[in-house]
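Q: My questions concern the predicted model and sequence given below.
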Amino acid sequence: MQNEFAVAGIDIHIVSINTESGLDSAQKLVDMCAFPLLQDTADTDVWGLLQGKKDDMFILDTSGAIVKLLPQGGELSTNLSTEEGYNNVKYSLYQVLGLATPSDWPSSSDDGGTP
């Protein structure tokens, strides 16, 4: 997805934060993902600070403020393995950036929601 935005001339950065308890399986994620994997630690506790759960997605602005939360299992599908979930996440990124989505995109089930 990050490459798709780059081709469109839109600069975004996608990363994943691995839970501290997932350290043993981190290499599997690194092998599967095309984006950086950051490792949480007990000292940093990013998951705790964000009150995040597995597969939650947070869209942050350039200052690091959360502008949209896409919780796993929420009303909006975020399963990137499905067309609907992939399009919903991509649409949400366009929305947060204040950009119109391309006219040839399928509609998203996201109504804009709240951060």
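A: Cool, got the structure.

Q: Phi and psi next, for Met57.
A: The phi and psi torsions at Met57 (degrees, to the nearest 10) take the values phi -120, psi 130.

Q: Residue numbering should commence at 15 henceforth.
A: Yep, numbering from 15; the last one is Met71 now.

Q: What residue spans form the domains of this protein?
A: Domain assignment for the chain by automatic domain parsing gives 15-66, 79-129.

Q: And the next helix or strand past the one helix or strand in the chain whose mean pLDDT sits lowest?
A: Across the helices and strands of the chain, the lowest-confidence element by mean pLDDT, DSSP states H and E is helix 40-46, at a mean of 85. For helix 40-46, the following helix or strand on the C-terminal side (DSSP states H and E) is strand 51-53.

Q: Would you indicate which residues of the longest helix along the chain are buried?
A: As assigned by DSSP state H, the longest helix anywhere in the chain is helix 97-111. For helix 97-111, burial by neighbour count (16 or more other CB atoms under 10 Å) applies to 99, 101-109. The C-beta positions use only the backbone N, C-alpha and C, and glycine is treated the same way.

Q: Then stretch 80-90?
A: Buried positions in stretch 80-90, judged by neighbour count with 16+ other CB under 10 Å: 82-84, 90.

Q: Show me where the chain has its helices.
A: So, for the chain - with DSSP H - the helices run 16-21, 40-46, 60-64, 97-111.
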